[in-house]
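S.K.: Let me see the structure of the following:
(chains A and B)
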Protein chains: 2
Amino acid sequence: DADDSGGQTILDIDIGKRKRLIVRDFKGTPLVDIREFFQKQNPDGSEVWLPGRKGISLTVDVWETVVAHIGDIEDALKKF
Amino acid sequence: DADDSGGQTILDIDIGKRKRLIVRDFKGTPLVDIREFFQKQNPDGSEVWLPGRKGISLTVDVWETVVAHIGDIEDALKKF
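M.R.: This is a model prediction of the structure:
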């Protein structure tokens, strides 16, 4: 399922608040995944970050629609 | 909970594939929510779009970190 976090990671950005933006290759389809991660302890005591439930995977067309509206979004945020 | 879809809507953009980007005012805090919606039928036969499970609410600082990395993200998507 494209909404899971499988596939090859092309870009992985820490965007803060335990969230990451990951560009990944899901069977040849690029996806932009914005997701919360949580830390889990392995049996050996080491820790690993795993993708959480909160997040969304965007296809490139959906992502580009977001990018096309950044001006509108910034304007809306200026109202606060 | 800021991760629910409560609060006053400031901006609501249809970004395609049943997804919306909503800027909302959650008790004075601006949030950028990117979320999947689903259509539900009311008892009277009318239909309403409701926020679904798949989505993420970003605070302004997290959103601005995404915006700051758009060049990197676009570069990564060009590799496909």
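
S.K.: what about the strands in chain A?
M.R.: Here chain A has its strands, by DSSP state E, at A:8-16, A:19-26, A:29-41, A:47-59.

S.K.: Please identify the most buried of the ones you listed.
M.R.: strand A:19-26 (a mean of 21; mean count of other Cβ atoms under 10 Å in any protein chain shown). Yep, even glycine has a C-beta here, placed from its N, CA and C like the rest.

S.K.: Who are the packing partners of that strand?
M.R.: strand A:8-16, strand A:29-41, helix B:70-78 (3 or more Cβ pairs under 8 Å, 6 or more residues apart in numbering or on different chains; DSSP states H and E).

S.K.: Run through the residues that contact A:Gly28.
M.R.: B:Phe80 (Cβ atoms under 8 Å, 6 or more residues apart in numbering or on different chains).

S.K.: try 10 Å this time
M.R.: A:7, B:80 (Cβ atoms under 10 Å, 6 or more residues apart in numbering or on different chains).

S.K.: got a markdown table for the strands of chain A, with mean pLDDT too?
M.R.: Shown next, in a markdown table, are those (pLDDT from 0 to 100):
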| stretch | mean pLDDT |
| --- | --- |
| strand A:8-16 | 96 |
| strand A:19-26 | 96 |
| strand A:29-41 | 96 |
| strand A:47-59 | 95 |
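
S.K.: Quick check: which of the ones you listed is nearest to A:Leu77?
M.R.: Proximity to A:Leu77 (Cβ to Cβ) singles out strand A:8-16 among these, at 15.8 Å.

S.K.: which other helices and strands contact the closest one?
M.R.: For strand A:8-16, the elements it packs on are strand A:19-26, strand A:29-41, strand B:47-59, helix B:60-68, helix B:70-78, judged by 3 or more Cβ pairs under 10 Å, 6 or more residues apart in numbering or on different chains; DSSP states H and E.

S.K.: Could you say which one of these comes nearest to A:Thr59?
M.R.: strand A:29-41 (6.5 Å).

S.K.: and that closest one, does that touch chain B?
M.R.: Yes. Using Cβ under 10 Å from any Cβ of the partner chain, strand A:29-41 comes into contact with chain B via A:29-36.

S.K.: need the contact list for the residue nearest the centre of chain A.
M.R.: By Cα atoms, centre = their mean, chain A has its centre lying nearest to A:Ile34, at 2.0 Å. For A:Ile34, the contacting residues are A:13, A:15, A:19-22, A:54-58, A:63, A:66, B:34, B:55-56, B:58, B:62-63, B:66, by Cβ under 10 Å, 6+ apart.
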